[in-house]
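S.K.: got a predicted model here, sequence first, then my questions.
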Amino acid sequence: MLRVLLLLVVVGLGWAKGSTITLVPVFEALSLHGTDSDEVSDIGETLRATVMSRPMALTGAFPETLVEAVGSPHRVVTNTPNFKATESNLMVLCGIQITAEATPETLQIALDVSKLKIPEDVDLTSRQVLKLAILAVRRTLEAYQAGQQGKLRVAVTVSGTGDANDSLRDLAQVFTLGR
């Protein structure tokens, strides 16, 4: 009996230390390469790319975890053997890293483009990819903030640029979401 009671206490303590897992929508900038689709994007251009959401089960600090999930690998599920794309998330395909840190005043988001390289089969510019990535971040945070009280101030920066792509820094932006 003592063993059973001890086991229940240990298991109970393990559950108490567990994290909450939440199913949330995460928007991603997705390449449409390997498909017959073109999209009129929200960045005002017809592209072989789009911003779409997918459900993800996440645990950790919100909204930072949500933002970092925007850059997670994404293999599109298919019902045809003709679709060969092994990765569709443009941030992963192009080597863009994303980090987020919450301060008392602002959610700081950095897009690191130091390893940015557009694959040959992705017919997009670096600027288009970053615009789509920022849009994916914004939509993810809009969905999150819709259920929150108050406002969320967000600052997006572009880091890791060099002489050839320093103009990408002008895509940095600050916006406020919520009521």
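M.R.: Structure's in. What do you need?
S.K.: lowest-scoring secondary structure element of this structure by mean pLDDT?
M.R.: When the helices and strands of the chain are scored by mean pLDDT, DSSP states H and E, helix 2-17 comes last with a mean of 42.
S.K.: now do the buried residues in the helix or strand following that helix.
M.R.: Following helix 2-17 in sequence order, the next helix or strand is strand 22-31 (DSSP states H and E). Across strand 22-31, burial judged by 16 or more other C-beta atoms under 10 Å covers Val24, Val26, Phe27, Glu28, Ala29, Leu30, Ser31. Quick note: C-beta positions are derived from backbone N, CA and C, even for glycine.
S.K.: ok, the nearest residue to Gly178 once chain neighbours are set aside - contacts?
M.R.: If the residues on either side of it in the chain are set aside, Gly178 comes closest to Lys151, at 4.0 Å by C-beta to C-beta, 6 or more residues apart in numbering. Contact partners of Lys151, counting by C-beta atoms under 8 Å, 6 or more residues apart in numbering, are Gln145, Thr176, Leu177, Gly178, Arg179.
S.K.: just Arg138 next, same as before
M.R.: Here Arg138 is in contact with Val154, Phe175, Leu177 (criterion: C-beta under 8 Å, 6+ apart).
S.K.: locate the last one within the secondary structure: which element?
M.R.: Put plainly, it is Leu177. With DSSP H and E as the criterion, the answer for Leu177 is strand 173-178.
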